[in-house]
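Chemist: Got a predicted structure here, sequence first:
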Amino acid sequence: MESNYTSPLSLDDLSSFAGVSKYHLSREFKKRTGFSPGDYLIELRMNRACFLLTGTTLTVEAISRMSGFGNYPNFLKLFKKEREQHP
C-alpha cells in the first residue's frame, strides 16, 4: 500500500494481490496494524497531503490529487474530520 497509495485501491485489489479472501485480509490487517485497510490507506494519503501542505506552495486541489484522493470535496471532508479527531 505504501508504494501505491496514490492509485485507486479496493479491498478486492488488495486481497487479490495478497492471495487471500478480503475477509481474512481485513481481519489480519486490523489485528496487525490496528487499522482497517481502508483507514490505513486514508492515513497514508493524509500523511502525504500534510507533508505537501506544509512543504510546498501547491494548491490544495493539486495536493489532494497528488496524495491519491480522486475527489477534491472528499479530501476536504476527510481532512476536516481528521483535524477534528487530532487537533
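Modeler: Everything's here; your move.
Chemist: tell me the contacts of residue 18?
Modeler: Residues counted as contacts of residue 18 (CB atoms under 8 Å, 6 or more residues apart in numbering) are residue 25. C-beta: built from backbone N, CA, C; applies to glycine.
Chemist: Look up phi and psi at it.
Modeler: Note on residue 18: backbone dihedrals following degrees, to the nearest 10 are phi -80, psi -20.
Chemist: For residue 3, which three-state class applies?
Modeler: coil (DSSP: H, G, I helix; E, B strand; the rest coil).
Chemist: element containing residue 13, please.
Modeler: helix 11-18 (DSSP states H and E).
Chemist: Can I get that helix in PDB, CA atoms only?
Modeler: Extracted C-alpha coordinates of helix 11-18, given in PDB (Å, rounded to 0.1, in the frame of the first residue of the first chain):
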ATOM      1  CA  LEU A  11     -10.200  -4.300  -0.800                       C
ATOM      2  CA  ASP A  12     -10.700  -6.700  -3.700                       C
ATOM      3  CA  ASP A  13      -7.500  -5.400  -5.300                       C
ATOM      4  CA  LEU A  14      -5.500  -5.900  -2.100                       C
ATOM      5  CA  SER A  15      -6.900  -9.300  -1.300                       C
ATOM      6  CA  SER A  16      -6.200 -10.500  -4.900                       C
ATOM      7  CA  PHE A  17      -2.700  -9.200  -4.600                       C
ATOM      8  CA  ALA A  18      -2.200 -11.000  -1.200                       C
END
